[in-house]
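In: Let's see this in three dimensions:
(chains A and B)
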Amino acid sequence: EAGVTQFPSHSVIEKGQTVTLRCDPISGHDNLYWYRRVMGKEIKFLLHFVKESKQDESGMPNNRFLAERTGGTYSTLKVQPAELEDSGVYFCASSPRVNTEAFFGQGTRLTVV
Amino acid sequence: GDSVTQMEGPVTLSEEAFLTINCTYTATGYPSLFWYVQYPGEGLQLLLKATKADDKGSNKGFEATYRKETTSFHLEKGSVQVSDSAVYFCALSGYNFNKFYFGSGTKLNVKP
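Out: Numbers count the residues shown, from 1 in each chain, chains lettered A, B, ... in the order given. This is a model prediction of the structure:
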């Protein structure tokens, strides 16, 4: 069974550009999470989808970040326009339901120059 | 709010040495505690967990005990191997595991 897959693995963009990160959860997992690790600091929660609905988006840093999960399958996280402080590793995770282990992807390393 | 503090790295050890990575937490209620590991080029993997006070999580020779009185969840291994080189993250979550609070990670380098 395929694990959580994230695309791209690495992205380098200029300040002011737009970047879209994609996450394909494990098939059948209703819960999808986005986290990010900035500059070697702690991994921070961004948001939680249950199917296509945003259950908790309390960790989204500002309105330059937009997450979607149309159809309740894969999810995208768009950063527009990107700023230098957005650089970091963005992790996606999925779980079949709450109260169960979440499986993480390998992360997307975003570098804004 | 909830938070996790873990020792800064990197930690460099020789093969077969004893490992301790300290982790303390601040939380309301009764959190579950976790250790995740990220091997080079891979995603985060659950290493072990404990869901209530005095529980001991263990896996692959690693152990950690949920200490409510000291709000700690230190990771230990009696004899590390080169293959244990990775970044280790301590984390906590509420009862339904739907939101994790992670520490900043500790990089472990094990030399032959």
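In: How about stretch B:43-61 and chain A, touching?
Out: Yes - applying C-beta under 8 Å from any C-beta of the partner chain, one finds stretch B:43-61 touching chain A at B:G43, B:L44, B:Q45, B:L46. For every residue, glycine as well, the C-beta is placed using N, CA and C.
In: give me the beta-bridge partners of the third one?
Out: Under DSSP bridges, the beta-bridge partners of B:Q45 are B:V37.
In: My read is that it contacts B:N59, right?
Out: No - with contact defined as C-beta atoms under 8 Å, B:Q45 does not reach B:N59; the gap is 9.9 Å.
In: what packs against the helix or strand bottoming out on mean pLDDT in chain A?
Out: Taking mean pLDDT, DSSP states H and E as the measure, strand A:103-104 is the helix or strand of chain A with the lowest mean score, a mean of 91. If you count contacts as 3 or more C-beta pairs under 8 Å, 6 or more residues apart in numbering or on different chains; DSSP states H and E, strand A:103-104 packs onto strand A:88-95.
In: Please see if the strand it packs on touches chain B.
Out: Yes - residues of strand A:88-95 are located near chain B by C-beta under 8 Å from any C-beta, namely A:F91, A:A93, A:S95.
In: sorry, back to before: between the residues of stretch B:43-61 next to chain A, which is closest to A:Y74?
Out: Using C-beta to C-beta, B:G43 is the member of these that lies nearest A:Y74, at 16.3 Å.
In: Does the closest one touch A:S94 like I think?
Out: No - counting by C-beta under 8 Å, B:G43 stays clear of A:S94, with 11.4 Å between them.
In: Now render the residues of stretch B:43-61 next to chain A as TSV, adding pLDDT and neighbour count.
Out: Conversion of these to TSV gives the following (pLDDT from 0 to 100; neighbours: other C-beta atoms under 10 Å in any protein chain shown):
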residue	pLDDT	neighbour count
B:G43	87	19
B:L44	91	27
B:Q45	92	15
B:L46	92	16
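In: Same list (those) but as a markdown table, adding distance to B:Y25.
Out: Shown next, in a markdown table, are these (distance: C-beta to C-beta, whole Å):
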| residue | distance to B:Y25 |
| --- | --- |
| B:G43 | 23 |
| B:L44 | 18 |
| B:Q45 | 20 |
| B:L46 | 17 |
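In: State the helix or strand in which the residue nearest the centre of chain B lies.
Out: In chain B, the residue lying closest to the centroid (C-alpha atoms, centre = their mean) is B:W35, at 3.4 Å. B:W35 belongs to strand B:32-38 when elements are defined using DSSP states H and E.
In: the strands in the chain, which residues?
Out: Let's take chain A. With strands called from DSSP state E, chain A shows them at A:5-7, A:10-13, A:19-24, A:31-37, A:43-50, A:53-56, A:65-68, A:75-79, A:88-95, A:103-104, A:108-112.
In: I was after chain B.
Out: Under DSSP E, chain B gives strands at B:3-6, B:11-14, B:19-21, B:23-26, B:32-38, B:44-50, B:56-59, B:62-65, B:75-77, B:86-93, B:100-102, B:106-111.
In: Put together a markdown table for those, with distance to A:M39 on each row.
Out: What follows is the strands of chain B, written out as a markdown table (distance: least, C-beta to C-beta, whole Å):
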| stretch | distance to A:M39 |
| --- | --- |
| strand B:3-6 | 16 |
| strand B:11-14 | 20 |
| strand B:19-21 | 20 |
| strand B:23-26 | 20 |
| strand B:32-38 | 16 |
| strand B:44-50 | 18 |
| strand B:56-59 | 29 |
| strand B:62-65 | 26 |
| strand B:75-77 | 23 |
| strand B:86-93 | 14 |
| strand B:100-102 | 14 |
| strand B:106-111 | 14 |
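In: Right, I'll call it a day here.
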